[in-house]
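Asker: here is a sequence together with a model predicted from it:
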Amino acid sequence: MRSAKDFFTPLAVGAPTPVREVPARPSRMIHFFDPSNEKMAAKVPAMVGVSDVLLGNLEDAVVADKKEAARAGLVKIAKEVDFGEHTQLWTRVNALDSPWVLDDLTTLVTEVGDKLDVIMVPKVQGPEDIHYVDRILAQLEAKGGVQRPIMIHAILETARGVANVEAIAGASPRMQGISLGPADLAADRRMKTTRVGGGHPGYLVRQDPTKGADGVPDYQGQRTVFQQDLWHYTISRMVDACAMHGIFPFYGPFGDIKDTVACEDQFRNAFLLGCVGAWSLHPVQIEIAKKVFSPSAEDVTHARRVKEAMPDGAGAVMIDGKMEDDASWKQCMVILELAERLSANDPELAELYAKA
């Protein structure tokens, strides 16, 4: 076990010093694109400034005979596109047990390491996976002269990964965040759903039967059904692990592109539970994520009123008939901090919040 004194020491001679606090940059949506798809790659420059994060995907959805083309395509995009101050460039490398991941890391870090903000690692099983990537990144950063540490983002896609989520979250100073990967996790858990994220009509709670005039419950009568969220437990545990270690939790993909209503509901559930963003698989989901993972003007207005009434959070006040105290003040500070951070990058939000 490493001493706590050495936790922020570079793991390779010449590698950049690890960060002590994860950069809190807007990441409301992580928009995936396939670098091997020329049509999709050509749209990347127009997405800069539109999406908080653009992620070149090298893993799932890229077939085996296009893995090298995807890697080369991402290098070309990273070299040619100016991502500016407001859009991050991420990548999802291939799984650690695949024959491609070592070439993914070696090529990307040494050729475009200074352009990459975060490397997403799929199917993380435990902290040992993060330690492996951590050491390799340090060596490659030193070799490639990379000036700032590339962060790591883990995906929860296995039961063992969920069981080890707290250890994963704290495995390295490079840890930026964790995403839920519902499809692979469902398969690994042997869950009986073929959906990619979202709820399931079979996972429900049914209203109690009403009683007839004779006082006997009418079990066959009309009873309201409430559909439940298959992922509530996992998201909550992931959020707690991330909060414990000062990193960021994300909801993963919502597979039914056409069901924008349910997508928005799922994203909002994740936002309310503490997630800072979600994956986007289609441009329509970018706008949904931008809307959902930004505080409403009403919430910002209320938070400001509480701060004005309790500048230092001490005591208690009544606002609109409701008691506000230290705990609610802290909740309001979360909203105001997020609104301020997003406003710095989003002129429309800045104008909206200025009027709030």
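Answerer: Sure thing, it's come through. Numbering: from 1, shown residues only.
Asker: ranges for the strands of the stretch 201-350 of the chain?
Answerer: Assignment of strands within the stretch 201-350 of the chain using DSSP state E, counting those that start in this stretch yields the ranges 204-206, 225-227, 248-251, 277-280, 317-319, 322-324.
Asker: list the contacts of the last one.
Answerer: Read it as strand 322-324. Outside of strand 322-324, the residues within contact range by C-beta atoms under 8 Å, 6 or more residues apart in numbering are Val306, Ala309, Met310, Ala316, Val317, Met318, Cys332. (Each C-beta comes from the backbone N, C-alpha and C, glycine too.)
Asker: again with the second one
Answerer: When contacts are taken as C-beta under 8 Å, 6+ apart, the neighbours of strand 225-227 outside the stretch itself are Gly199, His200, Pro201, Tyr203, Leu204, Val205, Arg206, Gln207.
Asker: how many residues are close by the closest residue to Arg25 other than its chain neighbours?
Answerer: Excluding its sequence neighbours, the residue lying closest to Arg25 (C-beta to C-beta, 6 or more residues apart in numbering) is Gln88, at 6.3 Å. For Gln88, the neighbour count with other C-beta atoms under 10 Å is 23.
Asker: when you give positions from now on, start the count at 47
Answerer: Sure, I'll start numbering at 47, so the last one becomes Gln134.
Asker: do I have it right that Gln134 meets Val164?
Answerer: Yes. Distance between Gln134 and Val164: 6.8 Å, which falls inside the contact criterion (C-beta atoms under 8 Å).
Asker: so what sits against both of the two?
Answerer: Both Gln134 and Val164 are contacted by Val99, under the criterion C-beta under 8 Å, 6+ apart.
Asker: export the contacts of strand 271-273 to CSV and tack on neighbour count?
Answerer: Shown next, in CSV, are the contacts of strand 271-273 (neighbours: other C-beta atoms under 10 Å):
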residue, neighbour count
Gly245, 19
His246, 16
Pro247, 8
Tyr249, 13
Leu250, 11
Val251, 9
Arg252, 9
Gln253, 11
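Asker: as TSV, these with pLDDT and distance to Ala115 would be great.
Answerer: Conversion of the contacts of strand 271-273 to TSV gives the following (pLDDT from 0 to 100; distance: C-beta to C-beta, whole Å):
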residue	pLDDT	distance to Ala115
Gly245	79	37
His246	86	36
Pro247	83	40
Tyr249	85	40
Leu250	84	44
Val251	89	48
Arg252	88	51
Gln253	90	54
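Asker: among these, which pair sits farthest apart?
Answerer: Distances among those were taken as C-beta to C-beta; the most separated pair is His246 and Gln253, at 18.4 Å.
Asker: in the chain, which spans are helices?
Answerer: All helices of the chain, identified by DSSP state H, fall at 84-88, 90-93, 113-126, 147-158, 173-190, 205-209, 211-215, 228-235, 278-291, 306-319, 329-338, 343-355, 372-391, 393-401.
Asker: show me the residue at the heart of this structure, geometrically.
Answerer: Centroid-nearest residue in the chain, with C-alpha atoms, centre = their mean: Phe296, separated by 2.4 Å.
Asker: which residues are in contact with that one?
Answerer: Per C-beta under 8 Å, 6+ apart, neighbours of Phe296: 73, 76, 199, 223-226, 316, 321-325.
Asker: surely Ala402 and Thr347 touch.
Answerer: Yes. The pair formed by Ala402 and Thr347 meets the contact definition of C-beta under 8 Å, at 4.4 Å.
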